[in-house]
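> Got a sequence here, can you build the structure:
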Amino acid sequence: MQTKDLIFMKTKATLLLSLLLLLLAGQTTIAQQQRYTVSGYVKDKQNGESLVGISIGKSGTTIGTVSNQYGFYSLTLPAGEHEIQFSYMGYGTYKTTVNLKKNTTIDVNMEATSSQLNVVTVNGQKQEKTVNTLNTSINKLDIAQMKKMPTFMGEVDVLRAIQTLPGVNTVGEGSSGFNVRGGNSDENLILLDEAPVYNSTHMLGFFSVFNPDAVKSLNLIKGGFPAEYGGRTSSVLDIRMKDGNNQNLAINGGIGNIFSRLSVEAPIVKDKGSFIVAARRSYIDILMKPFVKGDMKDTKLNFYDITAKANYKFDKNNSLFVSGYFGRDVFGFGKDVNMNWGNSTATLRWNHVFTNRLFLNLTTYYSKYDYHLNFNNESKKSANEDKQAYDWTSNIINYGLKPSFTYYINSSNSLHFGVQGIYYTFKPGTGTSENGDIQNVKKLYDQHALESAVYIDHEWKPTKKFGVQYGGRLSSYQFIGNSTAYFYADTTPGIRKRLVDMKTYGDNELIKGYYYFEPRISARYAFSDEHAVKLAYSRTTQFMHQLSNTASPTPLDIWTPSTNNVKPIVADQYTAGYFYNAPNDAYEFSAEVFYKKTDNQLDYIDNANLQLNPLIEADLLPSEGRAYGLELYAKKDIGKTTGWVSYTLSRTERKTPGISMNEWFLNRYDRTHNLNLVVTHTLNKRLSLSGNWVFASGTPGTFADNRLEFQDWDIPYNSTEKRNNYRLPSYHRLDLSMTIKGKQTKRWKGEWVISLYNVYARRNAYTIYFKQNDDDPTKRESTRLSIIGSVIPGITYNFKF
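Next up is the predicted model:
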């Protein structure tokens, strides 16, 4: 045997012996300490819903934990007798004494307080204070908070609620999606029970696709992302559905002037399983039928959605959940123009408790977004005229698998780790045109991709004052066949690239791969029980893109994967913040500053062609982005008057080679100032009022600053060649709402919600366009286009029995 082999074997033996000694030492220490774990689930006693963020701790100490997003908790303590306290805002404090001689399971059902005015301070803590959490830039809302806000047409809306939070804005009314800290709307990961949703709105942005009767809570993460989240670079909107009442039959609903909704939830087996089914349907087209005649009599304008979920607990260690969503928008003028689009999702989730310290959530899901357009001359053509029609379909489908583990080492340490895999199929579009008997089909190649990741993070709280959560995510992405890849020659920046080659790849053959490591870290230092500062850094990567060169995204925009020509978006974000919670938990305040740098965002050459263009990548340009700002947030939770105020001061810019003289220019959705004030006042047990006032700087736009006269034609042009060189007028709006509760009995509860949207009839500019003056062609005049320019009343009757 060679000398180097002997040395290797001795070294290996020494390492193994050292490891064995360390394990034995650890076992001895553990034996001396005799520590055991108490764990279980925390649920609402009335309906069996799991409670997230419950504070669980040993009375009289700072030792504690919180229930996770599935209601599970784990707390490790020394052997002996301990009083364990469970507390949560809106619930009474539950205390139990346990004598730990072994690992113990305690499931707790907490009872909601009876106060309807929310004026009583609940004993103990509310859900974990902001100053105590390690995460930065996270806002949490539950459905009870959202229902107190002023509504559009009397309907509670998830997306309108998050737009009142700092760092969140939109281009304007009727805009699909939302923007967070300088990101595009496609840079937001929107999850419904862990399945991604690609179009989050109905009716071109006026309503969200999430039925409030089926929503339990939502988390908006804007920075300091935990390692389990990936695939987007701006935010994560994590929406959790209700599990369904496992105690009694419950029916909720609402009848409004724009749509109605109904939900039914009941136990499958009491205390073990339950279900919920919630549905909505708008009826604008039904109400307008008597007033629409002639070619427009078959006009269609409606949306509908169905949300459903069921769960069953097989034993103390195993629970199964299945949920789904199906929604559709239908839009058409007579028989000649017909469009429809919508989302479909399905989620299967298994919770398994291996030990009192090791928890598994295994999720598999399906998600699809598609749209269909049809134009024809059927209603207008004469008997001798040929039929002319055009039909266009497009969709994106993905399948995902995500096993995620949480290991509770002790009360100060926990590990979160797992793997994720997503398979994408992109169908960019198939266009079919008809002219009499002649049919022409234009189909873009399908595209396929596989995204996978492995992640781990460690949450460590060595002292009451200091804590850190650090980890990383290793992301892998493969653009694969069966598809055709295009290859382009480099050209002058800002000019359409020239095609030089194309190649067809077989099934699952690798075309291009990308691999990234994404470090994540968040740290907290508390000066006292009320004051804390936090720092965070995160790198995120996004492998898919939404193509849109309009002022705001539309339901008909195209999703495309990263390819050999389109690189993934990579963002680095730095955040620092100060957080305050009042001693009685009535108030909280935060101030955060952020800086985000983004590479490989997509921009477009001038006059880019995005519709059914097989060479669309030739019109795309890589762009740098940067965003920075200050976010202030103050909230009052307790008392007859509650609400919050948020203010954002920020700047969002881009730099694209060949565009805007190669200089930084403002993003289309940049708003320097953004102020939101939400106030709710409870007059008595039956009557409450709420108001919401919004002020925001106008968004930038590109307008001509000069003109060229040619043969009696007035041709405007931008002499500076700079994008977004002007800004629209400021946006502001006041909304008011009144809730009148009817007689509340044990079996029936009803309320009227009366709302006024845009109370002082502000005509906020969505965009501005220019045209020649009808009386004097030598003059041009600007015209403000407003989506809403009047007061919009709404009334809804909500009921529950």
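> start to end distance for stretch 215-231?
Start-to-end span of stretch 215-231 (C-alpha to C-alpha, to the nearest Å) is 24 Å.
> sorry, that was for stretch 106-113
Termini of stretch 106-113 sit 22 Å apart (C-alpha to C-alpha).
> Which stretches in the stretch 501-650 of the chain count as strands?
Secondary structure of the stretch 501-650 of the chain (DSSP state E, counting those that start in this stretch): strands located at 510-526, 531-542, 544-547, 558-561, 569-581, 587-604, 620-636, 641-655.
> Compare the ones you listed and give me the one nearest residue 390.
strand 558-561 (16.9 Å; C-beta to C-beta). For the C-beta atoms, the positions are set from N, CA and C on the backbone; glycine is no exception.
> Pairing partners for that closest one, with directions?
strand 544-547 (antiparallel) (DSSP bridges).
> Show me the contact partners of the strand it pairs with.
184-186, 231, 424, 449, 553, 557-562, 566, 569, 602, 610, 616, 620 (C-beta atoms under 8 Å, 6 or more residues apart in numbering).
> Now the buried members of those.
With burial judged by 16 or more other C-beta atoms under 10 Å, the buried subset of the contacts of strand 544-547 is 184-186, 231, 424, 449, 553, 557-562, 566, 569, 602, 610, 616, 620.
> mind putting the strands of the stretch 501-650 of the chain in JSON lines, mean pLDDT and distance to residue 361 included?
Output for the strands of the stretch 501-650 of the chain, formatted as JSON lines (pLDDT from 0 to 100; distance: least, C-beta to C-beta, whole Å):
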{"stretch": "strand 510-526", "mean pLDDT": "96", "distance to residue 361": "19"}
{"stretch": "strand 531-542", "mean pLDDT": "96", "distance to residue 361": "22"}
{"stretch": "strand 544-547", "mean pLDDT": "92", "distance to residue 361": "24"}
{"stretch": "strand 558-561", "mean pLDDT": "91", "distance to residue 361": "27"}
{"stretch": "strand 569-581", "mean pLDDT": "96", "distance to residue 361": "26"}
{"stretch": "strand 587-604", "mean pLDDT": "94", "distance to residue 361": "29"}
{"stretch": "strand 620-636", "mean pLDDT": "94", "distance to residue 361": "30"}
{"stretch": "strand 641-655", "mean pLDDT": "95", "distance to residue 361": "31"}
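> I'd like those written out as JSON lines, with distance to residue 176 added.
Formatted as JSON lines, those follow (distance: least, C-beta to C-beta, whole Å):
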{"stretch": "strand 510-526", "distance to residue 176": "28"}
{"stretch": "strand 531-542", "distance to residue 176": "18"}
{"stretch": "strand 544-547", "distance to residue 176": "10"}
{"stretch": "strand 558-561", "distance to residue 176": "13"}
{"stretch": "strand 569-581", "distance to residue 176": "20"}
{"stretch": "strand 587-604", "distance to residue 176": "17"}
{"stretch": "strand 620-636", "distance to residue 176": "21"}
{"stretch": "strand 641-655", "distance to residue 176": "19"}
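> Out of the ones you listed, which gets nearest to residue 149?
The closest of the strands of the stretch 501-650 of the chain to residue 149 is strand 641-655. By C-beta to C-beta, the value is 8.8 Å.
> what about the closest one, distance to the chain center?
Strand 641-655 sits 17 Å away from the centroid of its parent chain (C-alpha atoms, centre = their mean, to the nearest Å).
> same question, stretch 359-366
Centre-to-centre, stretch 359-366 and its host chain are 19 Å apart (C-alpha atoms, centre = their mean).
> Pull it out as CSV, backbone CA atoms only.
Taking Å, rounded to 0.1, in the frame of the first residue of the first chain, the C-alpha atoms of stretch 359-366 are listed here in CSV:
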residue,chain,number,x,y,z
PHE,A,359,-42.4,18.8,10.1
LEU,A,360,-43.0,18.1,6.3
ASN,A,361,-45.3,19.9,3.9
LEU,A,362,-45.4,18.2,0.5
THR,A,363,-47.1,20.2,-2.2
THR,A,364,-47.8,19.3,-5.8
TYR,A,365,-49.8,21.7,-8.0
TYR,A,366,-51.0,22.5,-11.5
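> List the contacts of it.
With C-beta under 8 Å, 6+ apart as the test, stretch 359-366 has contacts from 68, 70, 72, 74, 194-196, 344-354, 397-408.
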